[in-house]
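In: Sequence and computational prediction follow.
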Amino acid sequence: MKRITRTVLPIVAGAAVLAPFAPSAIAGDSTEQPQAKKTVSSDADTKASISRDTVIKRAKTWLTAVNGHQVPYSQSKTFGGYRTDCSGYVSMALKYGKPGTNTVGLASSSFTTKIKMSQLKKGDLIIDAKGSNTTRHVVIFEKWTSSAKKSYRAYEQRGGHGTDHSTRSYGLGNDEYDAYRPKKY
């Protein structure tokens, strides 16, 4: 009995000390922390197809997901397992693995193919993958506002606001944005 006590007691004590540091398993917990180094989803998540309509439907869900309000922006929190920054939001809409890849990852050949802005279709991405985590950004293209193609409607997760559906012109002027087609289509 003493031998069992000497073996089991330290294990139980160690578990009690480490328990507060274990990730939460509460369903719907929106304050869980993302895995620090996960920047690429699993190969299966990258290749599984999804329709453009489904991507837009999934993007719309975050507009009213928090008691009728948009999901707040954060680079350190998650909602439904996905980071609540722009790339986490796009990863959610495209149904990539949780917590989602980063903006640079979304612009890589593993996830997308670069296209011309004039070729954009519903569900394509407009990405600025240069700079730092505070300057990079990605939005989901919905449609052109007119045949002149001087602005478009897009879904995005933006700092200081959260989920948004608005008119944008990223990529149409002298900036760092480029158009990308997800390989999931």
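Out: Yep, it's here.
In: gap between the two ends of stretch 69-77?
Out: Stretch 69-77 has its terminal residues 17 Å apart, counting by Cα to Cα, to the nearest Å.
In: what about the helices in this protein?
Out: Along the chain, counting by DSSP state H, helices occupy 2-18, 43-47, 52-61, 86-93, 103-106.
In: neighbouring contacts of the shortest one?
Out: With Cβ atoms under 8 Å, 6 or more residues apart in numbering as the test, helix 103-106 has contacts from 39-40, 86-87, 90-91, 111-112, 125, 127-129, 136-138, 180. For every residue, glycine as well, the C-beta is placed using N, CA and C.
In: export it as CSV, just CAs?
Out: What follows is helix 103-106, C-alpha atoms only, in CSV (Å, rounded to 0.1, in the frame of the first residue of the first chain):
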residue,chain,number,x,y,z
THR,A,103,-2.5,36.0,-43.6
VAL,A,104,0.9,35.0,-45.0
GLY,A,105,-0.3,31.3,-45.0
LEU,A,106,-3.5,32.2,-46.8
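In: that older thread, lowest-confidence stretch among the helices of the chain?
Out: Among the helices of the chain, helix 2-18 carries the lowest mean pLDDT, a mean of 44.
In: center of the chain, which residue is that?
Out: Centroid-nearest residue in the chain: Gly88, 1.4 Å away (criterion: Cα atoms, centre = their mean).
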